[in-house]
Every structure is written in C-alpha cells, then in structure tokens.
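Colleague: Sequence and predicted structure are below.
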Amino acid sequence: MIKRIIEVSNPARLSLKNRQMVIDREGMEPVTVPVEDIGVLILDHLAITYTQGLITACSENNVSVIFCNGKHLPTTILLPLEGNNLHTKTIAEQVQITEPTRKRLWKTIVQAKIREQAKVLLQATQDNNPLPLYIERVKSGDPENIEAQAARIYWQKLFGPAFRRDKNIPGINSFLNYGYAVIRAAVARAIVGSGLHPSLGLHHHNQYNSLCLADDLVEPLRPAVDIKVYEIHKTQTVEPELTPDNKKELLKVLSQDCSINNQRLPLMVALHHYAASIKRVISGEAQGVEIPEL
C-alpha cells in the first residue's frame, strides 16, 4: 500500500482517537486520517500541538515525523527505535561490514547519482556532456572524489554558472533543502523498517549526525528533487518563494513512479526495496544493490 504524506501547515491540535489522527483546527470540522496509512507526517507551523498518544502511534506504525522551523524548513526527524523483528541481528551485521563491501556499495551509489544527474541535465538542457564519462571513473570508495567533480559541472549546467549549492543561501537552495529533507526522512523510514540503523553510514561518518546511512542512500535520489526545483523556477518570472503550493509540488517526488528491479513503483514503495537490498548485501545474501531509477 502506498503510504500518505501529510503536511499540516496551519495552527492545529493533533490527537489520536480510535487509531485515527484527528486534525482539529479552529472554526473547521475535524479531519481524521488512519495512522497506519501515513508514511511521512510534516508539522510546519509553530502553533501546532500534539498528544503523546499520537506520537507513540506514529512510532508504532513506522511514521517519519518531520518538524519544521519558523522558516518552514525541516529541522528534526522522529523515527522509531525498532522497525524490524531481527533488529539486533541486523545491526550486528551492519557494524561488522567489511571495508571492501562498504567501499563497493559507495561506488555503486555514487555511480547511480551521477547517472541520474546526467539524465536530469539531458532533460533540462539537452546537454549532459561530460557527466556520463565520469561514471566509469568512479573507483571503489570513490577515493578521487569524482562525485564532487561531477557535481561542480552539474550545478553550473543546471542552474547557471553563478549558482552555488549552499544550504544557507536562500532561493533555489531553500527549495532543494526542503525537498532533500523530505526524501531523507522517507529513506530513514525505509532503513528502520529493514532493521538497519540509520546512524551507521557507509561513507558519511559525522559523529553528530544520527542519519549517516540515510544521507548515503539519499544521494542517487537527489536529482529527482533537482529536476522538480528546476521546473518550478523555469515556469516563474520572479524568484519563487517556498509557498505551500510549491512545497506540495516538491512532495509529489515521493509519489512519482520509478524503476527498480524491472518494476515500476512509486518512489515511496521503492525505497523499501532499496533499503532491503542494502541489508542483503551487508549480510552477504546478495552482491548487487537495487537503486530506484527516477
């Protein structure tokens, strides 16, 4: 079943009744949504209140809860501690992953990211040269940082030579920040559901980052956000703002179809196949990773 993405962006009181999330807004009839139908819940207003019962129910149903700040940008992700009945066994295997396996996985992820970036450039500008050549240059572990070399070319071709990818710069960057944060939460949800721990990364190892593995696996998915942001900006004559309508457009990325293991699936569903394939490689049950192609 395709899980729903619910965004609450007005003052509201959220509670739980009969396994339903109740959204109560002043002057309006309460709205109810089955908690089991929710995949991602985005809380984007400082005047939203919620009950402990609802948050607990979200945790029990593997719902990623995203809290946004006053600038409407995601700042916190709430995930369940356990998402799989083999949680301890899987984490033990994850901790003991061999260096060759870790490097091989990262190589595959970087290659997939550059491949998707090349597709985006071809769609947006009809020119993806020389990105396809960079794919074969990626070695195990990407010691030459081909990912960053390709990114420099990619951003300038997509958004112009003056563009700089910096999460602290407004405009296009704020759109990218929002879209990436939502996909990151959905990836983290899939990771927990597979029994893996999101803080034990393959490449990212920041001790202050509790979602290192999510940051690894999200890399090939970022171009899906990039092309959506490109399309939003292309159709507007002035610098667009991160309005509720524009955020809804970015949320559509999770429901769009992608290709994975010769199947067409919504990205939200495909993420679970993706995380499960990572788990199988880590445990030695498989060699290849199934990465969504967008």
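Modeller: Cool, the structure landed.

Colleague: So residue 198 lies in a helix, does it not?
Modeller: No. Residue 198 sits outside any helix when classified using DSSP: H, G, I helix; E, B strand; the rest coil, being coil.

Colleague: So residue 67 belongs to a strand, correct?
Modeller: Yes. Per three-state DSSP, residue 67 lies within a strand segment.

Colleague: List the residues that contact it.
Modeller: 43, 74-78 (C-beta atoms under 8 Å, 6 or more residues apart in numbering). Any C-beta I mention is one placed from the backbone N, CA and C, and that applies to glycine too.

Colleague: With neighbour count, secondary structure and distance to residue 50 as added columns, please give these in CSV.
Modeller: Listed next are the contacts of residue 67 as CSV, based on neighbours: other C-beta atoms under 10 Å; DSSP: H, G, I helix; E, B strand; the rest coil; distance: C-beta to C-beta, whole Å:
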residue, neighbour count, secondary structure, distance to residue 50
43, 21, strand, 7
74, 20, strand, 16
75, 11, strand, 16
76, 12, strand, 13
77, 21, strand, 15
78, 16, strand, 11
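
Colleague: Looking at these, spot the one nearest residue 93.
Modeller: Minimum distance to residue 93 across those is 24.0 Å, recorded for residue 77 (C-beta to C-beta).

Colleague: For the residue nearest to residue 48 when sequence neighbours are not counted, which residues are in contact?
Modeller: With C-beta to C-beta, 6 or more residues apart in numbering as the criterion, residue 48 has its nearest non-adjacent residue at 5.4 Å, and that residue is residue 12. Shown in contact with residue 12 (C-beta under 8 Å, 6+ apart): 23-25, 45, 47-49.

Colleague: pLDDT below threshold where in this protein?
Modeller: Within the chain, the segments meeting pLDDT under 70 span 1, 81-87.

Colleague: and the longest helix anywhere in it, how far from the chain's centre?
Modeller: Ranked by residue count, the top helix of the chain under DSSP state H comes out as helix 99-125. Centroid separation for helix 99-125 versus its chain: 15 Å, with C-alpha atoms, centre = their mean, to the nearest Å.
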